[in-house]
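Asks: Sequence and predicted model, in that order:
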Amino acid sequence: MLEPTARTEIEKWTRLAMRRWIAEMSSALRNNLSSQQYYLLEVLRAEGVRRSSELAEALQITLPAVTNLANKLVAGGFAERVPLESDRRVVQLRITDQGLEALQELDEKASLLVERFWKGLDTGEKTELTRLLRKAMEYKE
């Protein structure tokens, strides 16, 4: 295993875990969808119909990047454009049934991957790991 150059042990192990997660999840992606396209679909599934500006903020990417992702998702049938009722010039994006199916498949693969990742931990260790991961993700400066 190629180890990253890291200043601390936590940095080293975080980077190794992230590298492994990304590599294994990337191999689970289907239909030539990128990880960013999946992230956009996840936002649409969780939050419903959204404007491009809202998607850009949620994904922390530019509006042109959202447009590019949206174009590919619409072309593939994973999302559809929906005009805003109050202002038909404004176009929003909505996930389609095909997009939901793609996410469900990825959810199943992620669940199996999580099981494999943490198989060596007992129940108490998994509970503690979950607590620590949640605490780290909830921390805001």
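Replies: Now that the structure is in, tell me what you want to look at. Since we're looking at a predicted model, the values are computed, not measured. Numbers count the residues shown, from 1 in each chain.

Asks: buried residues in the helix or strand of the chain with the lowest mean pLDDT?
Replies: When each helix and strand of the chain is scored by mean pLDDT, DSSP states H and E, strand 87-95 comes last, with a mean of 83. By 16 or more other C-beta atoms under 10 Å, the buried positions in strand 87-95 come out as 92-93, 95. Every C-beta, even on glycine, is put in place using the N, C-alpha and C of the backbone.

Asks: three-state assignment of the residue nearest the centre of the chain?
Replies: By C-alpha atoms, centre = their mean, the chain has its centre lying nearest to Tyr39, at 3.5 Å. Assigned with DSSP: H, G, I helix; E, B strand; the rest coil, Tyr39 falls in the helix class.

Asks: Count the neighbours of the nearest residue to it once chain neighbours are set aside for me.
Replies: In this structure, Tyr39 finds its nearest non-sequential neighbour in Leu59, 5.8 Å apart by C-beta to C-beta, 6 or more residues apart in numbering. For Leu59, the number of neighbouring residues by other C-beta atoms under 10 Å comes to 16.

Asks: For Leu59, give its distance to Leu40.
Replies: 6 Å (C-beta to C-beta, to the nearest Å).

Asks: which residues of the chain score low on pLDDT?
Replies: 1-4, 31, 88 (pLDDT under 70).

Asks: The chain: strands as residue ranges?
Replies: Remark: strands assigned in the chain by DSSP state E are 50-51, 79-84, 87-95.

Asks: would a markdown table of those strands with distance to Arg30 be doable?
Replies: Formatted as a markdown table, these follow (distance: least, C-beta to C-beta, whole Å):
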| stretch | distance to Arg30 |
| --- | --- |
| strand 50-51 | 23 |
| strand 79-84 | 15 |
| strand 87-95 | 15 |
